[in-house]
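> A structural model of the following input is requested.
(chains A and B, ligands or ions: 2)
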2 protein chains.
Amino acid sequence: MKRSEYESAKQRTEEMFAKAGIVLTAEEADKIEVAGFGLNDLERQGLELITYVNSSRYCAKELVLFPRQSCPEHLHPPVGDDPGKTETFRCRAGKVFLYVNGRSTDGIQAVVPAGSEAYYTVNHEIVLEPGQQYTIEPGTLHWFQAGDEGAIVSEFSSTSRDEYDIFTDPRIERMPVIEEE
Amino acid sequence: MKRSEYESAKQRTEEMFAKAGIVLTAEEADKIEVAGFGLNDLERQGLELITYVNSSRYCAKELVLFPRQSCPEHLHPPVGDDPGKTETFRCRAGKVFLYVNGRSTDGIQAVVPAGSEAYYTVNHEIVLEPGQQYTIEPGTLHWFQAGDEGAIVSEFSSTSRDEYDIFTDPRIERMPVIEEE
Ligand SMILES: [Zn+2]
Ligand SMILES: [Zn+2]
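Ligands and ions are numbered 1, 2, ... in the order given. The predicted structure follows:
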């Protein structure tokens, strides 16, 4: 991701937090993560986030999705003694369409990113509006997309080890670098 | 605590959440906990909260303090294999004065509840404004008070086992019942 693309997504994220009444310190705002997953398709496939705390015991993040932006399908595998990350998504603003392993939902409400259909394989739909939440157990494939207004999601979880996440799309790099211009 | 006192505190809590843009489902609102700690002094010593998730891996709650209300001094001891609860307090709205073990702060900003001075023994002060947070390690004595506008605090933590909390004030019961009138 180019520096200019990062800065623009960061600013948009800050605006969405401000609109929702979620306050970050200046130091936190400077650490907003813009995850493009190496796909060069941020508007459709990406995630913006701030990690409040990530210790050996628990983790809390605030996630932002732009309108119709999707976090690509992945799962959290066991790592050493850890059975894998368990995560609770709580919708704070906007609407989220979440998909997990399970019985297929007919006519899902998300729009699968064209050209990436092969990498969005689970379609049991859970809709989260503000105040609603859902817990994803380790090893469960999942992906999620915001509705037309975008979304803000609080993530409460066990320890995050993002570098071990397994994405369905083999083109994905979870930890790409920003290219200076 | 009498049912009418509970209902009034619950409504006030819901209003503070609404003002801060924090949405609860109707089912959650019905489970708002009003902790008076058996002290019959809710305006000065008490805590209102909703638990979003509390599993064997992690816990997340939203805490409300009315203006100048204090959560009494306590610590989280080891329980079985658990070294004790670690908790991260993140101020979302208002202002919080937090006190922990450590070097005394001269002229603290909180007002210790009159008559309970003996049970507020630590006075190393940390001030939290919206976006600021602090992590309390197991076994650390702590208490906290809202400023004049009240406060909302997100608590991210390891598993909560509130019934094991050790309060400095021996009169405290953590799990009192609501008396029907
Ligand atoms: Zn995940
Ligand atoms: Zn505590």
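> So in chain A, which helix runs the longest?
When chain A is scanned for its longest helix (criterion: DSSP state H), the result is helix A:3-19.
> Would you indicate which residues of the helix or strand following that helix are buried?
Later in the chain than helix A:3-19, the nearest helix or strand by DSSP states H and E is helix A:26-29. Buried residues in helix A:26-29, counted by 16 or more other C-beta atoms under 10 Å in any protein chain shown: A:28-29. The C-beta positions use only the backbone N, C-alpha and C, and glycine is treated the same way.
> same check, this time on stretch A:173-181
Under 16+ other C-beta under 10 Å, stretch A:173-181 has no buried positions.
> Check the average confidence over it, would you?
Here stretch A:173-181 scores 80 as its mean pLDDT.
> So what's the gap between that stretch and the chain middle?
17 Å (C-alpha atoms, centre = their mean, to the nearest Å).
> can you list contacts of it?
With contacts defined as C-beta atoms under 8 Å, 6 or more residues apart in numbering or on different chains, stretch A:173-181 is touched by A:1-4, A:6, A:35-38, A:162-163, A:165, A:167.
> sorry, back to before: list the buried residues of the longest helix of chain A.
Within helix A:3-19, the residues that count as buried by 16+ other C-beta under 10 Å are A:5-6, A:9-10, A:13-14, A:16-17.
> these two touch, right, residue A:51 and residue A:162?
No: look at residue A:51 against residue A:162 with C-beta atoms under 8 Å: they stay out of range, at 9.3 Å.
> related to what we said a few turns ago, so can I have a markdown table of the buried residues of helix A:3-19 showing distance to chain B and pLDDT?
Formatted as a markdown table, the buried residues of helix A:3-19 follow (distance: C-beta to the nearest C-beta, whole Å; pLDDT from 0 to 100):
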| residue | distance to chain B | pLDDT |
| --- | --- | --- |
| A:5 | 26 | 96 |
| A:6 | 21 | 96 |
| A:9 | 20 | 98 |
| A:10 | 16 | 98 |
| A:13 | 14 | 98 |
| A:14 | 12 | 98 |
| A:16 | 13 | 98 |
| A:17 | 10 | 98 |
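> mind listing what residue A:153 touches?
Applying C-beta under 8 Å, 6+ apart, the residues contacting residue A:153 are A:62-65, A:89-92, A:96, A:128, A:144.
> and chain B, which of those residues contact it?
Subset of those in contact with chain B: A:90, A:92, counting by C-beta under 8 Å from any C-beta of the partner chain.
> Format the contacts of residue A:153 as CSV; extra columns: secondary structure.
Output for these, formatted as CSV (DSSP: H, G, I helix; E, B strand; the rest coil):
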residue, secondary structure
A:62, strand
A:63, strand
A:64, strand
A:65, strand
A:89, strand
A:90, strand
A:91, strand
A:92, strand
A:96, strand
A:128, strand
A:144, strand
